[in-house]
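In: here you go, sequence then predicted model.
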Amino acid sequence: MTKRVAFQQMLDRIRTQRDVDYVIIYKLSRMARNRFDDAIVGAELKKRGVTLISATESIDETPVGQLMHGILAAFNEFRSAEEGADIAYKMGEKAKKGGTLGKAPIGYLNTIDRIDGREIRAVAIDK
């Protein structure tokens, strides 16, 4: 979360200027990818008297709204971890089969070979 400069600037403004009453987000998953960050940001907002509003989810200060917030935070963390594991697996499989995972570095060229009807993307030295 520390790499999200604009988000950190917003939190800093909330801390220093105290001129924000509401933070509106599209979805909780766009704010935090894990329960810890969600809880830290939520506590910070609450401490400053700022209300978090999701445009697409029913979260509010009621017990039901807080339960929904917790369930969504846990689900978002699960989904992020699951997608990360899936991507890592697929990248590993691609590398095992001789494929490349992105644009070739300087001095190399991206190539496409066909082996047994499959397209294999690799790199070759740029002569």
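Out: The structure has been received and is ready for your questions.
In: could you use CA atoms for every contact and neighbour count after this?
Out: Noted.
In: in the longest helix along the chain, which residues are buried?
Out: In the chain, assigned by DSSP state H, the helix with the most residues is helix 63-96. By neighbour count on 16 or more other C-alpha atoms under 10 Å, the buried set for helix 63-96 is 68-70, 72-77, 94.
In: over to stretch 99-116?
Out: Across stretch 99-116, burial judged by 16+ other C-alpha under 10 Å covers 99-100, 104, 110.
In: identify the residues contacting that stretch?
Out: With contact meaning C-alpha atoms under 8 Å, 6 or more residues apart in numbering, stretch 99-116 is reached by 91, 94-95, 119-127.
In: next up, the contacts around the one residue sitting closest to the centre of the chain.
Out: Closest to where the C-alpha atoms of the chain average out (C-alpha atoms, centre = their mean) is R33, at 5.5 Å. Residues counted as contacts of R33 (C-alpha under 8 Å, 6+ apart) are 73, 76-77, 80.
In: kindly report the same for A88.
Out: Contact analysis of A88 by C-alpha under 8 Å, 6+ apart lists nothing.
In: greatest separation within the contacts of R33: which pair is it?
Out: By the measure C-alpha to C-alpha, A73 and S80 form the most distant pair in the contacts of R33, at 10.6 Å.
In: any common contacting residues for these two?
Out: 33-34.
In: where does the prediction get shaky in the protein?
Out: 98 (pLDDT under 70).
In: hmm, try it at 90
Out: Along the chain, the parts satisfying pLDDT under 90 run over 1-3, 33, 91, 93-106, 110-124, 127.
In: now the helices for it?
Out: Along the chain, counting by DSSP H, helices occupy 5-16, 28-31, 35-47, 63-96.
In: and the residue nearest to the centre of the chain, how far from R121?
Out: R33 sits 32 Å away from R121, going by C-alpha to C-alpha, to the nearest Å.
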